[in-house]
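Colleague: Quick one, fold the following:
(chains A and B)
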Number of protein chains: 2
Amino acid sequence: MPAPIKPIAVPGSPPAIILVEPQLGENIGAAARAMLNCGLESLRIVNPRDGWPNEKAVAAASGADRVIETARLYDSTTEAVADLRHVYATTARARDMTKPAVTPHQAGLDLRRFESRGESCGVLFGPERRGLTNDDVVLADTLIIAPLNPEFRSLNLAQAVLLVGYEWRMAAEAAQAPPRSPRRAVKGEGPPATKAELIGLFEHLEDELDRSGFLRVKEKRPVMVRNLRNMLQRANLLQHQVRTLHGIIVSLTGRPRR
Amino acid sequence: MPAPIKPIAVPGSPPAIILVEPQLGENIGAAARAMLNCGLESLRIVNPRDGWPNEKAVAAASGADRVIETARLYDSTTEAVADLRHVYATTARARDMTKPAVTPHQAGLDLRRFESRGESCGVLFGPERRGLTNDDVVLADTLIIAPLNPEFRSLNLAQAVLLVGYEWRMAAEAAQAPPRSPRRAVKGEGPPATKAELIGLFEHLEDELDRSGFLRVKEKRPVMVRNLRNMLQRANLLQHQVRTLHGIIVSLTGRPRR
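Modeller: Predicted coordinates:
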């Protein structure tokens, strides 16, 4: 079990933009500029290829300096999402995963609604060349897929950030509309689990399944773990449900959580 | 009086994107890429600063070659709009001119409507540093102003092209969008579990939790069972996932299913 990660997202604040392993400083800067165009300021960066700080990022930000200066660095996507309650992954096409997919427009509406309930959100963007890995996508609740030209889908990184930020900004007035997202926590049910809590649950379960031999076939383990995590993600678990599931694992195995 | 210019816009074709005196080849290429992302292919360029063709434009187009190759060059904005029936000018803020202003969203809807009536349209974008001159704006019927962050409005050229192209594309999608139901099984993933299969899973789990003592408090048992069932329902499990969960219970308890 990793040490608990200190939450930093302020409830009710705008979504964090999370760039996973971005390659070019220019693109990080252009993304920061697009964010500030839309009023977004919380930038998280996972393992930028050319290190950090990056002069080319500052130049390309064209004045969006405070987004660059306050950007937070992370060693892994897992750490970058740990304090968030709702995570979106931007992908060019649907993956072979059991995840709902929404348009940027619907994502904008949903992000506003989560925000108004004080539930922290983030949106993952993959590196320029290959996009997000399946292991990154697993950490998300929902995919964002822009319905663009099917023959030429691949957006520049900063362009993808702009579309999400733009729809988030446009959704401001629609935020009062009745909820359309069936995956929200129902009012009065208690808060949704943070990603750190979910990851703690995944690890507890996988630990016990390693012991019991369920995950013994080494070549199959990564895909089995990914499928399990996707399945549990999808249940949109609440905090108290995560505690219940820990209790169930302990009870079934007769062994306390390490 | 200039010589009459032969019309080239095909009635009923998508709007032309008109870049007025663009400075950087990179930005022309990025604009071409954004256009093709949205399905727009008609690019017009007025007096590009660094001449034409431009290698940096080709590189930045990232495969949107046919937009670059078929781009038309003009000596003046007047010539570039001569064959069009409806011209929009993108500006960061309202000018001191008697012109209606619309959002990119409204412009997308209007462009589609003109297109369906066979009326050719174009959208003007100014140079990176200063935007359109008043003389250019005069040629437009309507301004497009994106309601962005009032403290940081200035969009990169390709970003501005993307917003207009995106809203033009969405204006068509809106009419044909399938009803949204994000909790359905994704095609190709296999069938969702039947209720009978789900109940079989509930009973297997509850059976083992009775044995292990997790459900030992009699008065609490009904509510605990209901909560567990709700939680598992919510995951919208597929048939093969139900089988996996049976396997997990068997593995954790070390006891075959009865």
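
Colleague: any idea how far stretch A:55-64 is from the chain center?
Modeller: 25 Å (CA atoms, centre = their mean, to the nearest Å).

Colleague: Correction: the previous question concerned stretch A:42-50.
Modeller: The mean C-alpha position of stretch A:42-50 is separated from the chain mean by 14 Å, CA atoms, centre = their mean.

Colleague: That stretch near chain B at all?
Modeller: No. Using CB under 8 Å from any CB of the partner chain, stretch A:42-50 never reaches chain B; the gap is at least 14.1 Å. Just so you know, the C-beta spots here come from the backbone N, C-alpha and C atoms, and that holds for glycine as well.

Colleague: Now do that stretch, average pLDDT.
Modeller: Across stretch A:42-50, the average pLDDT comes to 97.

Colleague: Show me which residues of it are buried.
Modeller: Going by neighbour count (16 or more other CB atoms under 10 Å in any protein chain shown), the buried part of stretch A:42-50 is A:42-48.

Colleague: Out of those, name the two that are farthest from one another.
Modeller: A:S42 and A:N47 (18.1 Å; CB to CB).

Colleague: which sections of chain A are below the confidence cut-off?
Modeller: A:1-11, A:96-97, A:173-189 (pLDDT under 70).

Colleague: Select the longest helix from it.
Modeller: Counting by DSSP state H, the longest helix found in chain A is helix A:195-212.

Colleague: on contacts alone, who are the packing partners of the helix or strand following that helix?
Modeller: Next helix or strand after helix A:195-212 toward the C-terminus (DSSP states H and E): helix A:221-234. Counting contacts by 3 or more CB pairs under 8 Å, 6 or more residues apart in numbering or on different chains; DSSP states H and E, helix A:221-234 is packed against helix A:195-212, helix B:239-253.

Colleague: host element of A:K56?
Modeller: Counting by DSSP H and E, A:K56 is part of helix A:55-60.

Colleague: Alpha carbons of the helix or strand just after that helix, as PDB, please.
Modeller: Downstream of helix A:55-60, the next assigned helix or strand under DSSP H and E is helix A:65-69. The C-alpha coordinates for helix A:65-69 follow below in PDB (Å, rounded to 0.1, in the frame of the first residue of the first chain):
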ATOM      1  CA  ASP A  65       2.200  32.500 -17.000                       C
ATOM      2  CA  ARG A  66       0.300  31.800 -13.900                       C
ATOM      3  CA  VAL A  67      -1.000  28.500 -15.300                       C
ATOM      4  CA  ILE A  68       2.600  27.400 -16.000                       C
ATOM      5  CA  GLU A  69       4.000  28.700 -12.700                       C
END
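
Colleague: List the buried residues for helix A:65-69?
Modeller: Quick answer for helix A:65-69 (16+ other CB under 10 Å): A:67-68.

Colleague: Now chain A against chain B: closest residue?
Modeller: Chain B sits closest to A:P100 of chain A, with a gap of 3.1 Å, by CB to the nearest CB.

Colleague: Tally up the residues packed near that residue, please.
Modeller: By other CB atoms under 10 Å in any protein chain shown, 19 other residues sit near A:P100.

Colleague: same deal with the one 5 residues further on?
Modeller: By the other CB under 10 Å criterion, the neighbourhood of A:H105 contains 23 residues.

Colleague: Check chain A and tell me which residue is nearest its centre.
Modeller: Taking CA atoms, centre = their mean as the criterion, A:V87 is the residue nearest the geometric centre of chain A, at 3.2 Å.

Colleague: The stretch 51-200 of chain A against chain B: which residues are in contact?
Modeller: Near chain B, when you scan the stretch 51-200 of chain A using CB under 8 Å from any CB, you find A:62-64, A:94, A:96-102, A:105-106, A:142, A:146-149, A:152-156, A:158-159, A:162-163, A:166, A:169-170, A:180-183.

Colleague: Go again with 7 Å.
Modeller: A:64, A:94, A:98, A:100-102, A:106, A:147-149, A:152-153, A:155-156, A:159, A:162-163, A:166, A:169, A:182-183 (CB under 7 Å from any CB of the partner chain).

Colleague: And A:A16, its phi and psi?
Modeller: In terms of degrees, to the nearest 10, the main-chain angles of A:A16 are phi -80, psi 140.

Colleague: Quick one: the strands in chain A, in order.
Modeller: A:16-20, A:43-46, A:72-74, A:86-90, A:101-102, A:121-125, A:142-144 (DSSP state E).

Colleague: The last one pairs with which strands, parallel or anti?
Modeller: The one in question is strand A:142-144. Looking at strand A:142-144 with DSSP bridges, its partner strands are strand A:86-90 (parallel), strand A:101-102 (parallel).

Colleague: how far does it sit from the chain's center?
Modeller: 9 Å.

Colleague: May I see the buried residues of it?
Modeller: A:142-144.

Colleague: Go through the residues you listed and name the one nearest A:S251.
Modeller: A:T142 (31.5 Å).

Colleague: Counting neighbours, what do you get for A:F214?
Modeller: Considering only other CB under 10 Å, A:F214 is surrounded by 20 other residues.

Colleague: Please name the nearest non-neighbouring residue to it.
Modeller: B:S251 (3.9 Å; CB to CB, 6 or more residues apart in numbering or on different chains).

Colleague: Quickly compare the strands paired with strand A:142-144 and say which is most buried.
Modeller: strand A:86-90 (a mean of 26; mean count of other CB atoms under 10 Å in any protein chain shown).

Colleague: ok so, going back, hang on, the residue of chain A closest to chain B packs against A:T142?
Modeller: Yes. Applying CB atoms under 7 Å, one finds A:P100 in contact with A:T142, separated by 5.3 Å.

Colleague: Provide a list of residues in contact with A:Y88.
Modeller: A:107, A:123-124, A:140, A:142, A:144 (CB atoms under 7 Å, 6 or more residues apart in numbering or on different chains).

Colleague: Export these as a markdown table, with columns for distance to B:V217.
Modeller: Putting the contacts of A:Y88 into a markdown table (distance: CB to CB, whole Å) gives the following:
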| residue | distance to B:V217 |
| --- | --- |
| A:A107 | 42 |
| A:V123 | 43 |
| A:L124 | 42 |
| A:A140 | 37 |
| A:T142 | 37 |
| A:I144 | 44 |
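
Colleague: Return the member of those residues nearest to A:N134.
Modeller: A:A140 (10.8 Å).

Colleague: from what I can see A:F114 touches A:H86, true?
Modeller: Yes. A:F114 lies in contact with A:H86 (CB under 7 Å); the separation is 5.2 Å.

Colleague: Please enumerate the shared neighbours of the two.
Modeller: With CB under 7 Å, 6+ apart as the test, A:F114 and A:H86 both reach A:C121.

Colleague: ok, now which ones touch A:S76?
Modeller: Taking CB under 7 Å, 6+ apart as the test, what A:S76 contacts is A:V46.

Colleague: For it, give me phi and psi.
Modeller: Taking degrees, to the nearest 10 as the convention, A:S76 sits at phi -150, psi 160.

Colleague: Report the separation between the two terminal residues of stretch A:17-27.
Modeller: End-to-end distance for stretch A:17-27, by CA to CA, to the nearest Å: 13 Å.

Colleague: same deal with stretch A:57-66?
Modeller: End-to-end for stretch A:57-66, by CA to CA: 12 Å.

Colleague: Work out the gap between it and the centre of the chain.
Modeller: 24 Å.

Colleague: Can you point out the buried residues in that stretch?
Modeller: A:57-58, A:60-62, A:64.

Colleague: ok, and what's touching it?
Modeller: For stretch A:57-66, using CB under 7 Å, 6+ apart, the contacting residues are A:25-26, A:28-30, A:32-33, A:35-36, A:41, A:67-68, B:152.

Colleague: Highest neighbour count among the residues you listed?
Modeller: A:A32 (32 neighbours).

Colleague: ok, now which ones touch that one?
Modeller: A:43, A:57, A:61, A:64, A:67-68.

Colleague: Excluding sequence neighbours, find me the nearest residue to it.
Modeller: Closest to A:A32 by CB to CB, 6+ apart is A:V67, at 4.0 Å.
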